[in-house]
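Would you be able to build a 3D model of this:
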Amino acid sequence: MKRREFLETVGGATLACISGDVVGASEQGKPAAIAPAHRAAALPPLMQFLDGTPVRTRDDWTRRKAEIRRLLSETFCGTFPEEVPPIIKAEVVQEQEKEDGSTRRRVKLTFDTRNKASFEMWVWIPRGQGPFPVLLTQPRYYQLAWAELALSRGYLVGLYPGVCYTHREGDYPGYETVYRTFQQEYPEATWSSIATKAWLAGRALDYLLASKYGYPVANGQVGIIGFSRYGKQSMLAAAFDERITSVVARSPGTPASCPHRFAGRHYFMEAGYVDAPKEWWVPKLGTYYGREHEMPIDGHGWYALIAPRRCLIHTAHNDGAEVTFAVERAYLEGSKVYSFLGKPENLRILYRTGQHNPITDEQRRQNIDWLDLSFGRGTARQSDFPEQFIHKFDWQAWKAKLSPEQRTVPFPAPQARDNPDRKARIRWALGQAPQKIPWDGTYTFLTEAESAMMTHDRWRVGGTARVPVSFGANVRGNIYYNTGVKAPAPVVIWLHPYSYHSGYNEGYGVQGTTVYHRLAQEGFVVLAYDQCGFGLRLLEGRDFYKEYPKWSKLGRMVHDVRAAVDFLADGHGAANGDMPAVDKDHVYVLGYSLGGSVGLHTTAIDDRIAGVASFCGFTPMRTDTDKKSTGGIRRFWEWHSLQPLLGLFHGREQQIPYDFDDVLALIAPRPCLVYSPKRDREADYEDVAACVERARQAWKANGRGDNFTHQAPDDINRFQADQQNAFLRWTRGLC
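Just a heads-up that it's a prediction; the model follows:
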């Protein structure tokens with residue numbers, strides 16, 4: 001992969017920024033001296049003031065919108081100059097007549113600033129008399145095809161100097177540094193680099209819309225489009241300039257279409273100020289690293305400022321820059337504003353298959369179709385952009401399909417009596433598995449193209465190899481191993497977190513190597529695969545309850561881990577290559593976040609697993625109420641639809657038939673590591689510690705207290721080099 005292609009694939013952040021966040025991470029993760037007033041896993045409601053007062057009238061909304069604008073400026077983009085400088089000179093430096101009848105002008109604009117700052121832009125004028133709709137975009141090489149297509153459809157195109165400082169475009173020299181000139185002109189403004197370039201879009205628009213310059217522009221028809229970091233910029237430009245009436249943001253990532261609450265380390269996703277170039281956002285954003293749930297506003301706030309104007313988010317199922325789950329959470333909250341303003345159809349998500357790149361001709365056509373629809377031109381229809389969801393789960397509709405018997409809890413008391421009862425309770429909560437999963441019996445394998453798209457080998461280390469495998473009902477994954485190890489090696493089944501976009505691969509936060517290559521290098525045979533509803537199995541999660549209304553996604557995940565053990569211990573599966581030698585008596589499970597919970601559940605009911613390590617894997621359910629900043633058990637029965645039966649206990653969590661002390665007790669006396677950082681925003685540390693102490697008695701009763709390890713570092717929820725090292729230290733002496 002070429003360097004330029006690589007930088008775009010990872011969503012616009014440079015390699016140095018992606019690989020280097022270990023330095024100073026703990027400092028950035030420390031809580032502020034004064035605790036914020038709002039701590040919640042859910043996004044801050046857009047239709048509610050910070051003080052909790054609901055928005056009821058249009059006047060209320062005007063005030064709430066101003067509050068959101070202030071919060072976005074403070075948290076993300078900084079403040080703008082108080083006054084807009086007028087254009088004092090507009091000089092056509094170059095003009096070209098093209099064979100298609102269009103005219104292309106290079107224009108130098110000079111503004112009435114302290115030092116009379118100027119910039120150049122290009123204006124492409126289509127053939128004909130007009131009036132023409134306007135398309136603004138930044139002349140990055142992969143965006144120019146949008147400009148050409150729009151020009152062919154009769155758009156006047158403005159290419160303004162919004163190019164990122166890490167990019168260079170030979171035909172547009174200096175476009176990447178213009179923003180610095182204007183930042184120097186306004187030292188009192190705190191604007192970030194992306195905000196400054198979004199402001200420059202407005203200055204280009206000042207020129208295009210001014211009647212004295214003679215451009216035949218259609219009234220109220222101004223669109224802007226951008227990809228990745230330029231999608232961010234386009235959303236900001238539209239948010240702060242209401243003359244822009246339609247925006248297309250392709251894979252804009254965090255914190256644009258993808259709010260930080262659902263796009264941090266525990267989603268293997270970009271952590272804003274840590275992963276992106278520092279000048280993209282104001283330094284305050286960095287103070288929320290690891291405690292994103294304390295932010296008074298998040299990326300969904302841009303929708304509030306854009307509404308009710310048209311906005312299309314174009315994202316991919318496996319986009320390295322944004323998580324589909326996060327995109328939908330922001331969309332659902334933003335839709336409330338659009339509905340309040342009477343234009344629910346003006347906000348849409350457009351899904352595509354694949355990854356961040358490439359941009360296809362068909363995708364460009366759809367993007368310009370959205371602008372045509374916005375401006376009432378062409379053949380585009382609203383039905384071309386239906387409302388689509390991957391993660392929205394209607395729990396009430398699911399519950400309505402259950403019989404009274406299925407809704408009845410079959411246990412007389414919440415507390416379990418003994419281990420058989422514990423297992424029965426867990427199995428009940430996992431739902432009723434089908435007799436057989438539909439499958440024709442043919443094993444298939446991940447292709448090289450799929451592994452390349454999911455970047456399985458991007459962070460490979462020396463001496464490791466990969467073999468595609470398939471097991472269970474054709475669950476496809478990869479085996480990683482050290483080619484220098486010839487003797488039967490211990491096995492680790494790696495279970496990923498809520499990484500909907502990337503499955504078992506770490507998209508961000510990698511420090512030198514991914515976990516599976518690292519463990520393989522250390523002598524383990526590692527089995528890695530996407531869990532149900534994640535990565536290449538994303539749509540399997542969308543359709544799961546249509547096929548299995550009585551089961552649960554968590555139940556399917558546990559089923560797949562057990563099938564993985566069948567494969568590793570008994571060979572029930574297939575490999576597309578030579579398998580390394582495996583020590584069948586030493587099969588361990590390593591899980592992080594969601595994977596930590598799946599690993600604990602599976603190990604509790606499958607005695608073949610030799611031991612388990614759970615990193616940030618749980619908070620006790622019976623104390624996880626709506627009042628907790630974790631988001632409560634609603635995360636599991638509704639948001640992620642992992643265990644719908646837990647919804648029966650919403651508001652009466654103390655009646656849940658089992659908790660994690662029961663799960664842990666079933667693992668005893670086998671080796672178990674519980675790693676629960678004290679600043680995990682997904683857990684209540686005091687509750688976790690109390691649960692661990694209750695469970696510890698099961699190991700003591702077996703005389704194997706040394707087999708139970710609880711580590712509680714003063715850290716945030718993450719799985720990086722330090723956590724890999726903690727696992728490796730724990731495994732010494734186990735194999």
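
In the chain, which residue is most central in space?
residue 323 (2.7 Å; C-alpha atoms, centre = their mean).

give the contact list for it.
Neighbouring residues of residue 323 by C-beta atoms under 8 Å, 6 or more residues apart in numbering: 258, 262, 263, 267, 269, 498, 499, 500, 501. No exception for glycine: its C-beta is placed from N, CA and C like everyone else's.

top of those by neighbour count?
In terms of neighbours by other C-beta atoms under 10 Å, the contacts of residue 323 top out with residue 258 at 34 neighbours.

Not counting residues beside it along the chain, what's closest to that one?
Of all residues not flanking residue 258 in the chain, residue 322 sits nearest, at 3.8 Å (C-beta to C-beta, 6 or more residues apart in numbering).

Hmm, the one you found is touching residue 250, no?
No - the pair residue 322 / residue 250 is not scored as a contact, 10.3 Å apart, by C-beta atoms under 8 Å.

Now for those two: what residues contact both?
Jointly contacting residue 322 and residue 250 under the rule C-beta under 8 Å, 6+ apart are residue 315.

In terms of neighbours, single out the busier of those two.
residue 322 (33 against 28).

how about that one, secondary structure?
Secondary structure, DSSP: H, G, I helix; E, B strand; the rest coil: residue 322 is coil.

any idea how far it lies from residue 598?
24 Å (C-beta to C-beta, to the nearest Å).

Any regions of the stretch 501-650 of the chain where pLDDT drops low?
Under the criterion pLDDT under 70, no range of the stretch 501-650 of the chain is flagged.

can you give me the helices for it?
Under the criterion DSSP state H, counting those that start in this stretch, helices of the stretch 501-650 of the chain are mapped to 515-521, 538-542, 544-547, 553-570, 594-605, 634.

Could you do the stretch 201-350 of the chain as well?
Shown for the stretch 201-350 of the chain, the helices assigned by DSSP H, counting those that start in this stretch span residues 229-240, 272-275, 301-306, 324-340.

weakest of those helices in terms of mean pLDDT?
In terms of mean pLDDT, the lowest-scoring of the helices of the stretch 201-350 of the chain is helix 272-275 (a mean of 85).

Check the offset of it from the chain's centre.
Computed by C-alpha atoms, centre = their mean, to the nearest Å, the chain-centroid distance of helix 272-275 equals 13 Å.

Output that helix as CSV, nothing but the C-alphas.
Coordinates of each C-alpha in helix 272-275 appear next as CSV, following Å, rounded to 0.1, in the frame of the first residue of the first chain:
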residue,chain,number,x,y,z
GLY,A,272,-10.0,12.3,18.9
TYR,A,273,-7.3,14.5,20.3
VAL,A,274,-5.0,11.5,20.9
ASP,A,275,-5.1,9.9,17.4
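
so what secondary structure elements neighbour that helix?
helix 15-19, helix 25-29 (3 or more C-beta pairs under 8 Å, 6 or more residues apart in numbering; DSSP states H and E).

between the ones you listed, which gets the lowest average pLDDT?
Among those, helix 15-19 scores lowest, at a mean of 24.

And for the nearest residue in space to residue 90 that is not next to it in sequence, the neighbour number?
Nearest residue to residue 90 in three dimensions, chain neighbours excluded: residue 109, at 5.5 Å (C-beta to C-beta, 6+ apart). Residue 109 has 21 neighbouring residues, counting by other C-beta under 10 Å.

swap in residue 434?
By the criterion of other C-beta under 10 Å, residue 434 has 12 neighbours.

same check, this time on residue 169
A count of neighbours around residue 169, defined by other C-beta under 10 Å, yields 18.

ok now do it, which residues does it touch?
Residue 169 makes contacts with 139, 140, 141, 163, 175, 176, as judged by C-beta under 8 Å, 6+ apart.

Quickly name whichever of these is closest to residue 208.
Using C-beta to C-beta, residue 139 is the member of the contacts of residue 169 that lies nearest residue 208, at 15.3 Å.

Quick check: that closest one is in a strand.
No - per three-state DSSP, residue 139 lies outside any strand segment and is coil.

what sits opposite residue 679 in the beta ladder?
Beta-bridge pairing for residue 679 (DSSP bridges): residue 716.

Got the confidence number for it?
Here, the pLDDT recorded for residue 679 equals 96.

ranges for the strands of the stretch 1-150 of the chain?
Secondary structure of the stretch 1-150 of the chain, counting by DSSP state E, counting those that start in this stretch: strands at 87-97, 103-111, 118-125, 132-137.

The stretch 601-735 of the chain now?
Along the stretch 601-735 of the chain, the segments classed as strands by DSSP E, counting those that start in this stretch run 611-615, 672-675, 708-711.

Let me know how buried residue 372 is, in neighbour terms.
23.

hang on, it packs against residue 381?
No - the pair residue 372 / residue 381 is not scored as a contact, 9.9 Å apart, by C-beta under 8 Å.

Determine which of the helices of the stretch 201-350 of the chain approaches residue 114 most closely.
If you check each of the helices of the stretch 201-350 of the chain against residue 114 by C-beta to C-beta, helix 229-240 wins as the nearest, at 22.0 Å.

quick one on the thing from earlier: which of the strands of the stretch 601-735 of the chain sits closest to residue 328?
Comparing those against residue 328 with C-beta to C-beta, the closest turns out to be strand 611-615 (26.0 Å).

Kindly calculate the angle that the closest one makes with helix 594-605.
Counting by axes from the mean of the first three to the mean of the last three C-alpha atoms, to 10 degrees, strand 611-615 lies at 150 degrees to helix 594-605.

Who does strand 611-615 pair with, and is each partner parallel or antiparallel?
strand 582-592 (parallel), strand 672-675 (parallel).

What are the contacting residues of the shortest one?
When contacts are taken as C-beta under 8 Å, 6+ apart, the neighbours of strand 672-675 outside the stretch itself are 603, 611-617, 664, 688, 692, 699, 707-713, 723, 726-727, 730.

Can you say which of those are buried?
When the contacts of strand 672-675 are checked for burial by 16 or more other C-beta atoms under 10 Å, the buried set is 603, 611-617, 664, 688, 692, 699, 707-709, 711, 723, 726-727, 730.

Which pLDDT value belongs to the residue lying closest to residue 604 once chain neighbours are set aside?
Nearest residue to residue 604, sequence neighbours excluded (C-beta to C-beta, 6+ apart): residue 666, at 3.7 Å. Residue 666 is assigned 98 on the pLDDT scale.

Sketch out the low-pLDDT regions of this structure for me.
Ranges of the chain meeting pLDDT under 70: 1-38, 735.

mind giving me the domain ranges of it?
3-384, 420-731 (automatic domain parsing).

now those in JSON lines, with distance to residue 411?
What follows is the domains of the chain, written out as JSON lines (distance: least, C-beta to C-beta, whole Å):
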{"stretch": "domain 3-384", "distance to residue 411": "29"}
{"stretch": "domain 420-731", "distance to residue 411": "5"}
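
These: which one's closest to residue 394?
Short answer: domain 420-731, nearest of those by C-beta to C-beta, at 9.1 Å.

so how far is that closest one off the chain centroid?
For domain 420-731 - counting by C-alpha atoms, centre = their mean - the centre lies 20 Å from the chain centre.

Skip the chain neighbours and tell me the closest residue to residue 641.
Distances taken as C-beta to C-beta, 6+ apart put residue 393 closest to residue 641, at 3.9 Å, once the chain neighbours are dropped.

Which residue is most remote from the mean position of the chain?
residue 212 (45.4 Å).

circling back: OK, contacts around the residue nearest to residue 90?
Contacts for residue 109 (C-beta under 8 Å, 6+ apart) come out as 87, 89, 90, 118, 119, 120, 121, 203, 204, 207.
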